[in-house]
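In: attaching a predicted model along with its sequence, questions to come.
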Amino acid sequence: MTADLTSATSELLRHVRETVEANERWRAQTLNLIASENVLSPAARSVLDSDFQHRYAEGHPGGRYYEGTQYLDEIERLSREVMQRIFRVTWADVRPISGTVANEAVFSRLVPQGATAIAHTVATGGHISHARIGSLGKRTKNILEWPMSADGYSIDVDAARDLIHKEQPAIAVLGRSLFLFPEPVAELAAVCAETGTRLFYDGAHVLGLIAAGTFQDPLHEGADILCGSTHKTFFGPQRGMVLTTGQDEKLNNTLDKGVFPGSSSNHHLFSLPALLVSALEVESFGQDYARATIANAQALGAALAAKGFAVACPERGYSESHQVAVDVEPFGGGKKASARLCEQDIICNMNLLPGEPGKRAFDPKGIRLGVQEMTRFGMGPDEMEAMADLMHGALSGDRDVRSEVAALRARFPEVRYAYSVSDLQ
Ligand SMILES: *Cc1c(COP(=O)(O)O)cnc(C)c1O
């Protein structure tokens, strides 16, 4: 039955569909370098839209508050099992609906009101959920900053040990949004054990690299808790996770209550089957993917430097993750440069760089580039070089590179490191 719509409503309905389709078309001709994003495989997408969209499942498989959850129970049990296998642990909570919600579950239970915490500032790569105005800030304003190396991209381990010793914080937060090199987890674990500090690793960005064993292994290096987003380098749907080694039962129970009822009720059940498919893809293809991603980041860093860009950390090989950071002050700063690149269908974000005051967040020096999505479409070092040339063309002159961008992108239409839809038949 077709409803009797006013012309304004039917116009609006058409507009909704057209806007969704316009984004799909435009995205397919762009180079996306937003470091926190990725794409699902068609196989994962094929189980995204289902009756689970309509349902609730509070609690755990086998211990729900509502009836009717037996099929979701099966999916959630398997998701937990596969995640535990991938991360080589015996405790994983797959219910948080995003990385921030996972962090909230941890902070709300492990940080007493007004307690001392240590975290990165936004300029040294910290996430807004670690800041006074974010999730951690709801528990305490007493957030100390990690002492940093001269280049600003690594923690100064000796100074950090001294700070933990002196301040005895309740929680020490590692992990970042601008995240080029591994954190000194093993180096800080012993002092944290001495002072009773919970060592918390926010692996939102690098979760896929951690899964592959190509970046670092926080829980086995001595972190108490690992949180992450499941849609950045871990190329699943938009959700979050909390993991521990599983050995500390009291900690597991505390975190469990932080997730539910602490920070969720329904947990967006529709996307859990897609997470399970994506996790199996990470298990099958994740190592090749993570290696290719890191090699591409290094290749992009080198290619941009060869074009004259001020890429961060040249003497350290630019990056050991999926990201590179570039100081684009000569091109008018991060805001202007990222806007110009987007006009030219190259999408990235402006970013504070180490040493910049937080108040420059809306007009920082830098841009942050992530190669994880283009790597998932199968791009390699040659394409990184081509990309650097296009960025240089777009930023250093009036060269209109949109058709070149579209031509490059068109050669990589398919999601790789993935199952096909028929694999689910
Ligand atoms: C992206 C990010 C998050 C937040 O993840 P969401 O899934 O978007 O909520 C948390 N921590 C860090 C370090 C991040 O970069």
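Out: Looks like it arrived, so ask away.
In: how near is the residue lying closest to V259 once chain neighbours are set aside to R95?
Out: Of all residues not flanking V259 in the chain, A105 sits nearest, at 4.5 Å (Cβ to Cβ, 6 or more residues apart in numbering). The C-beta positions use only the backbone N, C-alpha and C, and glycine is treated the same way. Distance, A105 to R95, using Cβ to Cβ, to the nearest Å: 9 Å.
In: anything in contact with each of these two?
Out: 259, 264 (Cβ atoms under 8 Å, 6 or more residues apart in numbering).
In: returning to that earlier point: sticking with the residue nearest to V259, tell me its helix or strand.
Out: Per DSSP states H and E: A105 is located in helix 99-110.
In: now that helix - C-alpha only, CSV.
Out: The C-alpha coordinates for helix 99-110 follow below in CSV (Å, rounded to 0.1, in the frame of the first residue of the first chain):
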residue,chain,number,x,y,z
GLY,A,99,35.3,2.6,21.6
THR,A,100,34.2,5.6,23.7
VAL,A,101,31.5,3.5,25.4
ALA,A,102,34.1,0.8,26.1
ASN,A,103,36.3,3.4,27.7
GLU,A,104,33.4,4.7,29.7
ALA,A,105,32.8,1.2,31.0
VAL,A,106,36.4,1.1,32.3
PHE,A,107,36.7,4.6,33.6
SER,A,108,33.3,4.5,35.4
ARG,A,109,34.4,1.5,37.4
LEU,A,110,38.1,1.9,37.9
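In: so what secondary structure elements neighbour it?
Out: Applying 3 or more Cβ pairs under 8 Å, 6 or more residues apart in numbering; DSSP states H and E, one finds that helix 99-110 contacts helix 135-139, strand 198-202, strand 225-229, strand 240-244, helix 249-259.
In: could I get the ones you listed in JSON lines, plus columns for mean neighbour count, distance to the ligand and mean pLDDT?
Out: JSON lines is the format used below for those (neighbours: other Cβ atoms under 10 Å; distance: least, Cβ to the nearest ligand atom, whole Å; pLDDT from 0 to 100):
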{"stretch": "helix 135-139", "mean neighbour count": "21", "distance to the ligand": "9", "mean pLDDT": "97"}
{"stretch": "strand 198-202", "mean neighbour count": "25", "distance to the ligand": "4", "mean pLDDT": "98"}
{"stretch": "strand 225-229", "mean neighbour count": "28", "distance to the ligand": "3", "mean pLDDT": "98"}
{"stretch": "strand 240-244", "mean neighbour count": "26", "distance to the ligand": "5", "mean pLDDT": "98"}
{"stretch": "helix 249-259", "mean neighbour count": "17", "distance to the ligand": "14", "mean pLDDT": "98"}
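In: let's have these in TSV, adding distance to P354.
Out: Shown next, in TSV, are the helices and strands packed on helix 99-110 (distance: least, Cβ to Cβ, whole Å):
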stretch	distance to P354
helix 135-139	20
strand 198-202	18
strand 225-229	23
strand 240-244	26
helix 249-259	31
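In: D398: which of the ones you listed is closest?
Out: strand 225-229 (37.7 Å; Cβ to Cβ).
In: and the angle for the helix holding A105 with strand 240-244?
Out: 40 degrees (axes from the mean of the first three to the mean of the last three Cα atoms, to 10 degrees).
In: quickly run through the sheet partners of the helix or strand following helix 99-110, with directions.
Out: Downstream of helix 99-110, the next assigned helix or strand under DSSP H and E is strand 117-119. Note on strand 117-119: by DSSP bridges, its sheet partners are strand 143-145 (parallel), strand 171-174 (parallel).
In: contact partners for P147?
Out: 155-156, 159-160, 163.
In: got it, and G286?
Out: G286 neighbours (Cβ under 8 Å, 6+ apart): 86, 208, 211-212, 417.
In: quick one: it is in a helix?
Out: Yes - if the criterion is DSSP: H, G, I helix; E, B strand; the rest coil, then G286 is within a helix.
In: in this protein, which helix or strand is least confident?
Out: The weakest-scoring helix or strand in the chain, judged by mean pLDDT, DSSP states H and E, is strand 63-64 (a mean of 94).
In: partners of it in the sheet?
Out: Sheet pairing of strand 63-64 (DSSP bridges) gives strand 59-60 (antiparallel).
In: got a list of contacts for the partner strand?
Out: Outside strand 59-60, the residues that reach it (Cβ under 8 Å, 6+ apart) are 65, 76, 260.
In: look at the residue lying closest to D248 once chain neighbours are set aside and say how many residues are nearby.
Out: Nearest residue to D248 in three dimensions, chain neighbours excluded: D224, at 7.4 Å (Cβ to Cβ, 6+ apart). Counted by other Cβ atoms under 10 Å, the residues lying close to D224 total 23.
In: ok, now which ones touch D224?
Out: Neighbours of D224 in contact, by Cβ under 8 Å, 6+ apart: 192, 198-200, 244, 248, 251.
In: ok, now with 10 Å
Out: 106, 110, 171-172, 189, 192-193, 197-201, 218, 244-245, 248, 251, 255 (Cβ atoms under 10 Å, 6 or more residues apart in numbering).
In: which single residue of this structure approaches the ligand most closely?
Out: Nearest residue of the chain to the ligand: G99, at 2.6 Å (Cβ to the nearest ligand atom).
In: count of residues packed around that residue?
Out: 29.
In: against V185, how distant is it?
Out: 18 Å.
In: got a list of what the residue of the chain most remote from its centre touches?
Out: Using Cα atoms, centre = their mean, the residue of the chain lying farthest from its centre is D4. It sits 44.5 Å away. Going by Cβ under 10 Å, 6+ apart, D4 touches S10.
In: list, one by one, the residues from the stretch 51-200 of the chain near the ligand.
Out: 98-100, 103, 127, 129, 175-177 (Cβ under 6 Å from any ligand atom).
In: contacts for the least confident helix or strand of the chain, please.
Out: So strand 63-64 is contacted by 56-58, 70, 72-73, 76 (Cβ under 10 Å, 6+ apart).
In: can I assume I143 is in contact with G114?
Out: No - using Cβ atoms under 10 Å, I143 is not in contact with G114; the gap is 11.1 Å.
In: between these two, which has more neighbouring residues?
Out: Shown here are I143 and G114; by other Cβ under 10 Å, I143 has more neighbours (24 against 10).
In: burial count for A310?
Out: 16.
In: what sits opposite it in the beta ladder?
Out: For A310, the beta-bridge partners under DSSP bridges are D327.
In: for R198, same thing?
Out: Bridge pairing for R198 (DSSP bridges) gives the partners I171.
In: now it: how far from D248?
Out: Applying Cβ to Cβ, the value for R198 to D248 is 10 Å.
In: next, show the common contact partners of those two.
Out: 224-225.
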